[in-house]
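>>> 3D, please:
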Amino acid sequence: MTSKDELFNPAKLSPRDKAAATDTTAKAIITAEAAAREKKTERLKALRLQQEAEAPPAAAPARKRRTASKSA
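Reported below is the predicted structural model:
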């Protein structure tokens with residue numbers, strides 16, 4: 001049976017332990033976000049390359065001729 005003191009007053013962590021736990025959690029979150037971003041980037045790149053391969057080549061735009069400027 002747990003006593004009232006054990007339930008409401010858990011053992012206090014040292015500031016170093018708190019900082020280490022926060023650091024570990026933050027690094028895990030950052031790593032997960034970076035992995036998700038890389039995965040999304042690879043997926044979008046593959047889709048873009050596939051779309052470019054399927055699209056017909058675009059015709060080069062016609063060059064505009066320059067008209068001689070009139071001197072006044």
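
>>> any idea how far residue 17 is from residue 35?
As judged by CB to CB, to the nearest Å, residue 17 and residue 35 stand 27 Å apart. Every C-beta, even on glycine, is put in place using the N, C-alpha and C of the backbone.

>>> repeat for residue 60
41 Å.

>>> more neighbours: the two, which one.
Neighbour count, other CB atoms under 10 Å: between residue 60 and residue 35, residue 35 has more, with 10 against 6.

>>> quick check: which element contains that one?
Applying DSSP states H and E as the criterion places residue 35 in helix 15-54.

>>> packing partners for that helix?
Helices and strands in packing contact with helix 15-54 are not found; criterion 3 or more CB pairs under 8 Å, 6 or more residues apart in numbering; DSSP states H and E.

>>> just the pLDDT at the residue nearest to the spatial centre of the chain, thanks.
Per CA atoms, centre = their mean, the C-alpha nearest to the average position across the chain is that of residue 37, at 3.7 Å. Predicted confidence (pLDDT) for residue 37: 98.

>>> ditto for residue 16
Note for residue 16: predicted pLDDT of 94.

>>> that older thread, now the helix holding residue 35, how far from the centre of its chain.
Here helix 15-54 is found 6 Å from its chain centre; the criterion is CA atoms, centre = their mean, to the nearest Å.

>>> and stretch 49-69, by the same measure?
Here stretch 49-69 is found 33 Å from its chain centre; the criterion is CA atoms, centre = their mean.

>>> rounded mean pLDDT for it, please.
Stretch 49-69 shows a mean pLDDT of 80 in the predicted model.
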